[in-house]
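Participant: Structure, please.
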Amino acid sequence: MNIVILGNQARAVSNFWVPLIRKLTGRGHRVTVLVPFPEQAGAALPADHAACLPDSASTGPEGTGASAEEAHEAVLAAAGARMAHYRLDRKGLNPVRDLATLIDLYRFFRKQRPDRLFASTIKPVIYGSMASALARCPARTHRHLMITGLGYMFEGGSRLKKMLMWLARGLYRLAFSLSGHLYFQNRDDRELFEGLSIIPRGIRVDCIPGTGVDLCKFAVQPLPSGQFRRFLLVGRLLEAKGIEEFCQAAALLRPAFPEVEFVVLGPEEHGPGAFAAQRFSRWGNAVTYLGATADVRPYLAGAWAVVLPSWREGVPCSLMEAMSSGRAVVAADAPGSREVVRDGVNGFLVPVRDAASLAGAMERLLRDPELCAEFGRAGRRIVEEEFDAESIAGNIADRLE
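Facilitator: Got it, this is the predicted structure:
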């Protein structure tokens, strides 16, 4: 079979879906990864650009002139996938650009005639479903949509967010009605969509526990020795990741624990809901922003515990990777995060947007090293039993066949 994996970034597909790609290619299927053009190409491409035609991924490594996206495409190609590109404004709200996305995807499906579609993240789910329906390929029952998180528009609060949620409800409902199989990564998102009457009758709905974690790649690491203590937050620079609350908690703890480090690691974002890197300067030397990395493992090895005060997740890979590495975790008691954090077992859950409670949980880990180690051991057991990426990939591959 010819299976298309549609995503919004080569980075995201390579980080999350390589085990699935290897599983499918190992079973003899042809896999095409369809992602936006590398960011260096720019969003404003000629209207007649052959965006729907597959091409070869660059094999240049990161740091030698090739873009980060091209480096991730090389990872995907090494996993056995063919690469194809389309135009996408990931964060934008411009309907003209979204129409260009729909046209590119329609052209791709008309030309390539895939047997299966597996789409994840918001715009690929919506426009991938629409474009494949217009192209009548693949068949409706062979369109698989993965909800990995709800994004900015479901955060509520402002008038703009409420308006966008109303629009998203209609687009999701249309996309789902054109597809045969829908996956959620946590129960809360499924219940929310059911409560909003977004899920149509007749579509198959499953819950898959995220993308899982590579248990060999993220092997158990010993806790840092001596008096070194570092709390690590791994995530894109988005307000909804709880970065402001992390900074506030660090400022609360800093006077009593001046030797402790509070570190944020992750790529910058732009558009609605972004947390500007310049905002870290407001907190003086309380928090250090390290930028992005191609390999989080050395940072996990140097961490005392990993923190994610996110307001909402699908299933957070940063926490699963931390648990697999033997680290205690602290997270907001929010959808997605509560799927992996068992309060008092492998970490602490604290109220959402509550910096004082977050600081209190981190202080408990600072004052009780044995508890921190115990949480790390429990976290590893949990990911081995429930979040093995190979097992999850095989589960999804079975459904695609």
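Participant: my guess is residue 112 contacts residue 3, does it?
Facilitator: No - the pair residue 112 / residue 3 is not scored as a contact, 10.9 Å apart, by C-beta atoms under 8 Å. C-betas here are computed from N, CA, C, even on glycine.
Participant: what is in contact with the two at once?
Facilitator: Common neighbours of residue 112 and residue 3, using C-beta atoms under 8 Å, 6 or more residues apart in numbering, are residue 32.
Participant: Quick check: phi and psi on the residue nearest to residue 237 when sequence neighbours are not counted?
Facilitator: Nearest residue to residue 237, sequence neighbours excluded (C-beta to C-beta, 6 or more residues apart in numbering): residue 275, at 4.4 Å. For residue 275, the backbone dihedrals are phi -110, psi 110 (criterion: degrees, to the nearest 10).
Participant: could you pull out the strands for the stretch 251-400 of the chain?
Facilitator: Along the stretch 251-400 of the chain, counting by DSSP state E, counting those that start in this stretch, strands occupy 261-265, 288-289, 305-308, 328-332, 347-350.
Participant: Any chance of TSV for those, columns distance to residue 159?
Facilitator: Listed next are the strands of the stretch 251-400 of the chain as TSV, based on distance: least, C-beta to C-beta, whole Å:
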stretch	distance to residue 159
strand 261-265	30
strand 288-289	31
strand 305-308	28
strand 328-332	25
strand 347-350	29
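Participant: between those strands, which one is nearest to residue 321?
Facilitator: Counting by C-beta to C-beta, residue 321 lies closest to strand 305-308 out of these; the figure is 8.2 Å.
Participant: May I have the strands that pair with the closest one, each with its orientation?
Facilitator: Sheet partners assigned to strand 305-308 using DSSP bridges are listed as strand 230-234 (parallel), strand 328-332 (parallel).
Participant: can I get the ones you listed in TSV with distance to residue 338?
Facilitator: Shown next, in TSV, are the strands paired with strand 305-308 (distance: least, C-beta to C-beta, whole Å):
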stretch	distance to residue 338
strand 230-234	18
strand 328-332	8
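Participant: In CSV: those, plus mean neighbour count, distance to residue 133 and mean pLDDT.
Facilitator: Below are the strands paired with strand 305-308 laid out as CSV (neighbours: other C-beta atoms under 10 Å; distance: least, C-beta to C-beta, whole Å; pLDDT from 0 to 100):
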stretch, mean neighbour count, distance to residue 133, mean pLDDT
strand 230-234, 23, 37, 97
strand 328-332, 28, 37, 98
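Participant: still on that earlier bit, for the residue nearest to residue 237, list the residues it contacts.
Facilitator: 237, 238, 239, 241, 243, 244, 269.
Participant: Counting only strands, which of those residues make the cut?
Facilitator: Using DSSP state E, no member of those falls within strands.
Participant: Let's see which of the residues you listed end up in helices.
Facilitator: 243, 244 (DSSP state H).
Participant: Can you convert the contacts of residue 275 into CSV and add a column each for pLDDT and neighbour count?
Facilitator: Shown next, in CSV, are these (pLDDT from 0 to 100; neighbours: other C-beta atoms under 10 Å):
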residue, pLDDT, neighbour count
237, 96, 22
238, 93, 20
239, 93, 18
241, 95, 27
243, 97, 24
244, 97, 16
269, 87, 19
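Participant: how long is stretch 2-16 end to end?
Facilitator: Stretch 2-16 has an end-to-end distance of 20 Å (C-alpha to C-alpha, to the nearest Å).
Participant: Now do that stretch: distance to the chain's middle.
Facilitator: Relative to the centre of its chain, stretch 2-16 is centred 11 Å away, using C-alpha atoms, centre = their mean, to the nearest Å.
Participant: After the helix or strand of the chain with the lowest mean pLDDT, which helix or strand is next? Please name it.
Facilitator: In the chain, no helix or strand scores lower on mean pLDDT, DSSP states H and E than helix 159-177, which sits at a mean of 84. Next in sequence after helix 159-177, counting helices and strands by DSSP states H and E, comes strand 181-184.
Participant: Distance check, the residue nearest to residue 237 against residue 333.
Facilitator: In this structure, residue 275 and residue 333 are 21 Å apart, going by C-beta to C-beta, to the nearest Å.
Participant: Next: residue 248.
Facilitator: Per C-beta to C-beta, residue 248 is found 17 Å from residue 333.
Participant: Pick out whichever of these two has more residues nearby.
Facilitator: A direct count of neighbours by other C-beta atoms under 10 Å for residue 248 and residue 333 places residue 248 higher, at 21 against 16.
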